[in-house]
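[1] need a 3D model of the sequence below.
(one chain, ligands or ions: 2)
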Amino acid sequence: MAFSALSKLVLLASVLGVANAQYWIFGGSRPIVTTRLDPVISPGSVSSHVHSVVGASRFKDVYDPADLLQSNCTTIPVQPDKSNYWAPQLYHQDQKTGALTPIPTTFNIYYLMRNGPSQQPIKAFPDGLRMIAGDTNRRSYNSSSHADQAITFVCQDFSGAHDNDPDWAERPNFFDHNCPDGMRAQVFFPSCWDGVNLDSADHKSHMSYPIQNFNGGDCPDTHPVQLISLFYEMMTTVDKFDFWGPGTWVLANGDTTGYGHHADFQNGWEGDLLQDAIDQCTDVVANVMDCPPLAANFNQASADACVLETQVVAEDTGFSSPLKVLPGCNPLWDGTGPRPTCSGLSTPPLVPAQTPLPTGWTEVGCIAEGTNGRALTGASTTSPTMTRAACASFCASKGFALAGVEFSDECYCDNQMRNGASKSTVTWNECTNRCAGNSNEICGGPMRLTLLTVN
Ligand SMILES: *[C@@H]1O[C@H](CO)[C@@H](O)[C@H](O)[C@H]1NC(C)=O
Ligand SMILES: *[C@@H]1O[C@H](CO)[C@@H](O)[C@H](O)[C@H]1NC(C)=O
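    Ligands and ions are numbered 1, 2, ... in the order given. Next comes the predicted model:
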């Protein structure tokens, strides 16, 4: 991460009003997928609304901790954290047409070492723990409920022009104006565990907020184990879209108020690393690199190159063109009047996240371009719908046995490697370009080809 981005995060942390100083941030973490799955709420099926999901590459419709730990990679820079972190995708509604466009999103994931006056020891998440915070059906605010206090929005204006303006202060629902430097949708998870159950029927009651505050304090006798505190900032670039009033912003669950924001977590930390970090990093303030056990496992290149290994729901989430209606049954609703209903909906199937290659074709891996010309010179094409499969099919149709994709949308073919190039792969994470026709898939990198061959 660039230094300037990091110092910005430190500033944001001071906005948070951190009580205990020790915490780290997985800053600017990229969603690995945006799809209608939720293994905690809707295991084994398509979920009710679209989520923006950060983390491990084996995220799928069920939470299987052992399988999740087999993930190749995660979009979190500390690669042994194979957890997933998710929240509803935020959409922008066009005032005239009602068309819905997903607002680009990244997450800052905070791990905060907080306890209360009795200084209970802080524990890592137990293997298999999952939980949710917030309530998708809520459309109002109870100011004495810790659960409601834990869901907040921040309107970013780095100019400082609105620092003391109450209309711009952190609040439990959407603002009535745009945010010049983006909006943060924030969720603070309960940190007290009952010590027994890894989940519960409502995915909440095995956890509790602390006694004193939603974001810190002693754990109640019913939930005596103090876990590390988890806090997500979902960063949304609302400033890139116009603001026209209530209804401008819509969560994927149809909520136009923001009160129905929520988030989910499923634990995928390997071994004792999280507990080691908690025990050893008593001085860390925001920067992961100041925590030796985490720094030793920091690999941003692997996070950048990580792609989903599993399946997605076969439906458009709006990233290629704006949607007329939100996926699932999620008519827009601000909580006034009866909730609108849906009819005639069918459930789309799951399909592989990576477009399957034509029969006989396999991926060799990430290779370097030729040193004095292109590696593959037999034929070439570019396409806004390029995938590895599309390139392999094109090369096959021209009678070639080698295909290489580069810079997201370029396809090259040949029967041999030329100009000093070879089939020896370089580190897979040097190929970081998403395919133009499938953002779940990699199509080469700068001077790097994803090479495919037919046997
Ligand atoms: C990821 O894992 C799958 C098996 O689940 C394997 O086929 C694939 O080559 C791996 N990808 C990378 C980039 O390591
Ligand atoms: C508000 O929250 C408090 C604390 O959880 C609870 O006791 C009270 O019943 C809630 N009020 C309403 C109207 O739900």
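[2] hey, let's count contacts and neighbours off CA atoms from now on
    OK.
[3] mind checking what secondary structure whichever residue of the stretch 251-400 of the chain sits closest to ligand 2 has?
    In the stretch 251-400 of the chain, the residue that lies nearest ligand 2 is Tyr259 (14.0 Å; C-alpha to the nearest ligand atom). Recorded secondary structure, Tyr259: coil (DSSP: H, G, I helix; E, B strand; the rest coil).
[4] that one: how many residues sit nearby?
    A count of neighbours around Tyr259, defined by other C-alpha atoms under 10 Å, yields 26.
[5] next up, phi/psi of the residue in the stretch 51-200 of the chain that ligand 2 sits nearest to, please.
    Going by C-alpha to the nearest ligand atom, ligand 2 is nearest to Ser145 of the stretch 51-200 of the chain, at 3.9 Å. Main-chain torsions, Ser145, degrees, to the nearest 10: phi -100, psi 120.
[6] for Pro190, see how far away it is.
    Distance, Ser145 to Pro190, by C-alpha to C-alpha, to the nearest Å: 12 Å.
[7] can you pull out the helices in the stretch 351-455 of the chain?
    Using DSSP state H, counting those that start in this stretch, the helices of the stretch 351-455 of the chain run over 388-397.
[8] looking at Ser145 and Pro190, which is more packed in?
    More neighbours surround Pro190 than the other of Ser145 and Pro190, with 29 against 12 (other C-alpha under 10 Å).
[9] that one against Tyr209, yeah?
    Yes - if you go by C-alpha atoms under 8 Å, Pro190 and Tyr209 touch, sitting 4.3 Å apart.
[10] shared neighbours of those two, anything?
    Common contacts of Pro190 and Tyr209 (C-alpha atoms under 8 Å, 6 or more residues apart in numbering): Asn215.
[11] can you give the contact residues for stretch 173-181?
    152-153, 155-158, 167-168, 237-239, 242-243, 245-246, 249, 257-259.
[12] just the terminal-to-terminal distance for stretch 44-61.
    Start-to-end span of stretch 44-61 (C-alpha to C-alpha) is 5 Å.
[13] now it: buried residues?
    45-61 (16 or more other C-alpha atoms under 10 Å).
[14] same thing with stretch 300-312?
    Those would be 300-312, for stretch 300-312 by 16+ other C-alpha under 10 Å.
[15] could you do stretch 441-453 as well?
    Buried residues in stretch 441-453, defined by neighbour count with 16+ other C-alpha under 10 Å: Glu441, Ile442, Cys443, Gly444, Gly445, Met447, Arg448, Leu449, Thr450, Leu451, Leu452, Thr453.
[16] state the mean pLDDT of it.
    The average pLDDT for stretch 441-453 rounds to 96.
[17] got it, and stretch 203-217?
    In the prediction, stretch 203-217 has an average pLDDT of 97.
[18] excluding sequence neighbours, find me the nearest residue to Cys366.
    Nearest residue to Cys366, sequence neighbours excluded (C-alpha to C-alpha, 6 or more residues apart in numbering): Thr450, at 4.6 Å.
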